[in-house]
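J.: Give the three-dimensional model of this entry:
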Amino acid sequence: MPVWTDRSGASFATFVLSGSRRIDQRFLSVNFRYWPIDTKTQGIYKLKTTTQAYNNLENGQAYFALFPQNVQQINITNVFLAYYDSVGPQVFLQPIFVFEGEPNFMAFVPAVTPPWTEE
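T.: Model prediction:
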């Protein structure tokens, strides 16, 4: 399954270049995020249905990665499961529903049901 960050389209590795011809002045910043995978730990948990996740979205219980300004209606065009990778370290990759829509809309809803989550 795909892995998403809190910024739509953002990479796990970013570089800011200066444009200088001098090699020692080309890179202004370099960021790379990597968290090692613990292959010995596993878990079993129940996922929400798409309807439950959509209800969470309608109630504002979502992270809105892209949200258009001054728009009265958004048409959801795609829904899929993915994993969320946070900026800070976390014990596991969190399963999420990704809602994409028009115009320029993307939201994440946690996919795991209670008792493993608070609702």
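
J.: Phi, psi for A62 please.
T.: phi -150, psi 160 (degrees, to the nearest 10).

J.: Check whether it really touches M106, as I assumed.
T.: No: checked against CB atoms under 8 Å, the pair A62 and M106 is beyond contact range at 9.9 Å. Where you see a C-beta, it was placed from the backbone N, CA and C, and this is true even at glycine.

J.: any shared contact partners between these two?
T.: Listed contacts common to A62 and M106 are F99; contacts here mean CB atoms under 8 Å, 6 or more residues apart in numbering.

J.: Could I get the phi/psi values of D24?
T.: According to degrees, to the nearest 10, the main-chain angles of D24 amount to phi -80, psi 0.

J.: Repeat that for Q52.
T.: With angles defined as degrees, to the nearest 10, Q52 sits at phi -60, psi -40.

J.: now the helices for this structure?
T.: 50-58 (DSSP state H).

J.: Residue ranges in it under the pLDDT threshold?
T.: 4, 6-12, 116-119 (pLDDT under 70).

J.: give me that answer again for 50
T.: Counting by pLDDT under 50, the chain contains low-confidence residues at 119.

J.: Could I get the contacting residues of A107?
T.: So A107 contacts 57, 62-67, 98-99 (CB under 8 Å, 6+ apart).

J.: ugh, typo on my part, it should be F108
T.: 4, 62-63, 65, 84, 96-99.

J.: do P110 as well
T.: 48, 56, 94-97, 117.

J.: just checking, which of the residues you listed belong to strands?
T.: Counting by DSSP state E, those place 94-97 in strands.

J.: ok, so of these, who is nearest G43?
T.: P95 (10.5 Å; CB to CB).

J.: Does the closest one touch V109 like I think?
T.: No: using CB under 8 Å, P95 is not in contact with V109; the gap is 10.1 Å.

J.: Neighbour count: those two, which is higher?
T.: Neighbour tally, P95 and V109, criterion other CB atoms under 10 Å: the higher count belongs to V109, 21 against 16.
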